[in-house]
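Engineer: Have a look; sequence and predicted model below, questions after that.
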Amino acid sequence: MKDFANKVAAITGAGSGMGRSLALQLAQARCHLALADRNAVGLAETERIVRALAPDVRVTTRVLDVGDRDAMFAWADDTANAHGKINLIFNNAGVALSSTIDGMEYSDLEWIVNINFWGVVHGTKAFLPHLKAAGDGHVVNTSSIFGIFAQPGMSGYNATKFAVRGFTESLRQELDMTHCGVSATCVHPGGIRTNIAQSSRISKNMVGFMLESEQQGKDDFEKFFITTADDAARTILTGVRKNKRRVLIGRDARAADWMARILPAAYQALVVLATRHEARKARRRAAREPAAAPVTYNNTGKQGEPS
């Protein structure tokens, strides 16, 4: 797909971050849009910006949870009816979870799997028949550099992102075999400047193990966000035009991918050393600071976009 003009793209997680940037850049390319997000306020703001930027672009929106299979299939069918066709699906919505494995609540694991993995599966299966019917389509699934490179305290997130990678690579091979006019790309962002850190779930068991506090964990996570959402979206769309199987976003993602290739087992020991060092620094900071008010741990999370 070399040109997005007069195509129709569906995007999940379109209320902010990479999803919003994808919507704006596609609109500038005269691509019509079907936008979805769980956050109604953010979704409405994206729609407002798109309409101001590209008045001739047709835009439809849907507030939904990507983990709801029936809702995703209904959205796909309604999008095809409203726009007449669908050419692209960007399964972009995602959330983050930090927890040790032995301390992880099943409810948290089910939450992240439902959004990060099942959301991608539902989006792919719901939209794929419509993409094939259009005869010119592309599935773009967002994994993460943590779908290539594992990290302690991120097992739930790693599991979902490794799963998205395997699912999408298998999908691409099947599409290549059938010559149906549809292709697929797996996206592996590094740290992208979005709101995923502040909307993430951080379990109590991480405090004292790797973090000095929940908020410190979120703030430190954001320090690694070195790529803007606009740059990430631009890289993704270039990858679609070039029909790439894998798109790495950011120098951090490229470095982690290189390390996993060169040291596929040994990199884990290096990560342990680096993480222990950072954890000791966090504990020293906590010991130096005066006692703070008790922390209330927020176990709620909202749908956002992957890093």
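Structural biologist: Received the coordinates, thanks.

Engineer: Kindly provide the distance from Lys161 to Gly135.
Structural biologist: 31 Å (CB to CB, to the nearest Å). For the C-beta atoms, the positions are set from N, CA and C on the backbone; glycine is no exception.

Engineer: Give the buried residues for stretch 1-21.
Structural biologist: Residues of stretch 1-21 classed as buried: 1, 4, 7-21 (neighbour count, 16 or more other CB atoms under 10 Å).

Engineer: Restricted to helices, list those residues.
Structural biologist: Cross-referencing these against helices under DSSP state H gives Gly17, Met18, Gly19, Arg20, Ser21.

Engineer: hey, where'd the helices end up in this protein?
Structural biologist: Using DSSP H, helices in the chain cover 17-28, 40-53, 69-83, 106-112, 118-134, 155-178, 214-223, 229-241, 251-262, 267-288.

Engineer: Those helices: which one's closest to Ile89?
Structural biologist: helix 118-134 (3.9 Å; CB to CB).

Engineer: Distance from the closest one to the middle of the chain?
Structural biologist: 17 Å (CA atoms, centre = their mean, to the nearest Å).

Engineer: again, but for stretch 257-268
Structural biologist: 23 Å.

Engineer: same check, this time on stretch 56-71
Structural biologist: With CA atoms, centre = their mean as the basis, stretch 56-71 stands 16 Å off its chain's centre.

Engineer: Ok, stretch 144-157 next?
Structural biologist: 13 Å.

Engineer: Also stretch 187-194?
Structural biologist: For stretch 187-194, the gap between its own C-alpha mean and the chain's C-alpha mean amounts to 8 Å (CA atoms, centre = their mean).

Engineer: thinking again about what came up before, between Lys161 and Gly135, which one's more packed in?
Structural biologist: Legend: neighbour count by other CB atoms under 10 Å for Lys161 and Gly135, higher for Lys161 (29 against 11).

Engineer: any idea how far Gly17 is from the more buried one?
Structural biologist: 16 Å.

Engineer: do Arg48 as well
Structural biologist: The value you get for Arg48 to Gly17, if CB to CB is used, is 16 Å.

Engineer: burial count for Arg30?
Structural biologist: Arg30: 14 neighbours (other CB under 10 Å).

Engineer: How many residues are close by Pro264?
Structural biologist: 9.

Engineer: Dihedrals phi and psi, it?
Structural biologist: phi -60, psi -30 (degrees, to the nearest 10).

Engineer: what's the nearest residue to Arg241 once chain neighbours are set aside sitting at in phi/psi?
Structural biologist: Among residues not flanking Arg241 along the chain, Lys2 sits closest, at 5.6 Å (CB to CB, 6 or more residues apart in numbering). Phi and psi for Lys2, reported as degrees, to the nearest 10, are phi -90, psi -20.

Engineer: pLDDT score for Lys2?
Structural biologist: Per-residue pLDDT puts Lys2 at 88.

Engineer: Could you do the one 4 residues further on as well?
Structural biologist: Asn6 carries a pLDDT score of 97 in this model.

Engineer: Phi and psi next, for it.
Structural biologist: Torsion angles, degrees, to the nearest 10, at Asn6: phi 60, psi 10.

Engineer: Report the contact partners of it.
Structural biologist: Arg30, Cys31, His32 (CB atoms under 8 Å, 6 or more residues apart in numbering).

Engineer: So what pairs up with the last one in the strands?
Structural biologist: Right, the one you point to is His32. Taking DSSP bridges as the rule, His32 bridges to Val8.
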